[in-house]
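S.K.: Next one to model:
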Amino acid sequence: MPRKPLRLNGRASLLDGLRITPTDLRILRAAIVSKCRFRRPWFAVGIALAASCWTVQAAEQRMTKVVVQMITPTVAGDPIPGKPKTMYICGTKYARVEEQPDENTQTESLIITREPDCWVINMMDKTGKHLVDEGPKFVARAPVFWTSSGQPEPEFTDLEFGKELQFFGEGRGKELEPRVVDGKKCKALSIKTGEHEVIAALDPKTGKPLQIELYKFGRLAATARYVSYEIKPFEPALFEPPKDVTLVEGGSAG
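M.R.: Next up, the predicted model:
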């Protein structure tokens, strides 16, 4: 008998309170937090209605495609660059993260969120898990920075891929001296909370982010370097699990 889909309650996220393997945790850390709850009496009617609404809304929306490389500073020597990963974000319901193959762990991570469903897949062996969130709010989130324990950076949880300009915009970001990134003299905006600070370097022509740095107690803690940043028409097929993947239900939590 197949196991029930993994259900998340109340405050839980995909990284919180789940009985998943260390490999699952590593995959999930790379990408998305989905925080949802579900009012059971509304389930039968609500899920069908919501599905049709998402389809209509998504058809009218455009998605953000981001290719980003996370760079970790070291105490001595050169910083350690991570492999670029590709992300697709559309509104608050859809997100997709594609990571490059890792021969050491034999993983090629793909995470697809189409609230309330999420699929965590290893494209190297074509296997994956299906997870289900509980509402009533269905919100897929993609924080830029994470702590070493696998949680979104608490001071900047609202700094998300696809929403960088909203985070720094409307006068919230303090303008600094221009910074040079990839030979371009960029506009620099800073937001500081206590002893933590994030600084965005924006392309002088397009205004899109080229780099965001996280500082803790005056020291560089992490850098998000943007390889590309595009606004594209919504593609529903990107938010469906591949047909050639063997999926199992995620089990139960709590």
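S.K.: can you pull the buried residues of stretch 100-117?
M.R.: Applying a neighbour-count criterion of 16 or more other Cβ atoms under 10 Å, one finds 107, 108, 109, 110, 111, 112, 113, 114, 115, 116, 117 buried in stretch 100-117. C-beta coordinates here come from the backbone N, C-alpha and C atoms, glycine included.
S.K.: Let's test this: mean pLDDT of stretch 167-183, rounded?
M.R.: Stretch 167-183 shows a mean pLDDT of 94.
S.K.: Enumerate the positions of it that are buried.
M.R.: For stretch 167-183, by 16+ other Cβ under 10 Å, it's 167, 168, 173, 179, 181.
S.K.: For the host helix or strand of residue 210, enumerate the helices and strands it packs against.
M.R.: Element membership for residue 210 (DSSP states H and E) is strand 209-216. Judged by 3 or more Cβ pairs under 8 Å, 6 or more residues apart in numbering; DSSP states H and E, strand 209-216 is in contact with helix 164-168, strand 174-181, strand 184-193, strand 196-202, strand 219-233.
S.K.: Given that strand, what are its sheet partners and their directions?
M.R.: Sheet pairing for strand 209-216, assigned by DSSP bridges, gives strand 196-202 (antiparallel), strand 219-233 (antiparallel).
S.K.: tell me the angle of it relative to strand 184-193?
M.R.: Between strand 209-216 and strand 184-193, the angle comes out at 40 degrees (axes from the mean of the first three to the mean of the last three Cα atoms, to 10 degrees).
S.K.: how many degrees apart are strand 209-216 and strand 174-181 in direction?
M.R.: Using the same axes, to 10 degrees: strand 209-216 against strand 174-181 is 110 degrees.
S.K.: Flag the shaky bits of the stretch 1-150 of the chain, pLDDT-wise.
M.R.: Under the criterion pLDDT under 70, the flagged ranges of the stretch 1-150 of the chain are 1-60, 75-78, 80.
S.K.: same thing but at 50, please
M.R.: Where the stretch 1-150 of the chain drops to pLDDT under 50, the residues are 1-56, 58-59.
S.K.: re earlier: so which of the helices and strands packed on strand 209-216 is the most surrounded?
M.R.: Stretch with highest mean neighbour count among these: strand 196-202 (a mean of 22; mean count of other Cβ atoms under 10 Å).
S.K.: Contacts for that one next, please.
M.R.: Under the contact criterion Cβ atoms under 8 Å, 6 or more residues apart in numbering, strand 196-202 has outside partners 145, 153, 155-156, 159, 164, 168, 173, 176, 179, 181, 186-191, 208-217.
S.K.: if we can go back for a sec, wait, which of the strands paired with strand 209-216 is closest to residue 65?
M.R.: strand 219-233 (4.6 Å; Cβ to Cβ).
S.K.: What distance do you get for the residue lying closest to residue 186 once chain neighbours are set aside to residue 220?
M.R.: Excluding its sequence neighbours, the residue lying closest to residue 186 (Cβ to Cβ, 6 or more residues apart in numbering) is residue 201, at 3.9 Å. Noted for residue 201: a distance of 13 Å to residue 220, by Cβ to Cβ, to the nearest Å.
S.K.: Between these two, which contacts overlap?
M.R.: What both residue 201 and residue 220 touch, as defined by Cβ under 8 Å, 6+ apart, is the set residue 213.
S.K.: returning to that earlier point: tabulate the buried residues of stretch 167-183 (TSV), appending distance to residue 133.
M.R.: Below are the buried residues of stretch 167-183 laid out as TSV (distance: Cβ to Cβ, whole Å):
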residue	distance to residue 133
167	24
168	29
173	32
179	38
181	36
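S.K.: coming back round to it: which ones among the buried residues of stretch 100-117 map onto strands?
M.R.: Under the assignment DSSP state E, the buried residues of stretch 100-117 contribute 109, 110, 111, 112, 113, 114, 117 to strands.
S.K.: Now distance to residue 126 too, for the helices and strands packed on strand 209-216, in CSV please.
M.R.: Shown next, in CSV, are those (distance: least, Cβ to Cβ, whole Å):
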stretch, distance to residue 126
helix 164-168, 33
strand 174-181, 38
strand 184-193, 41
strand 196-202, 38
strand 219-233, 27
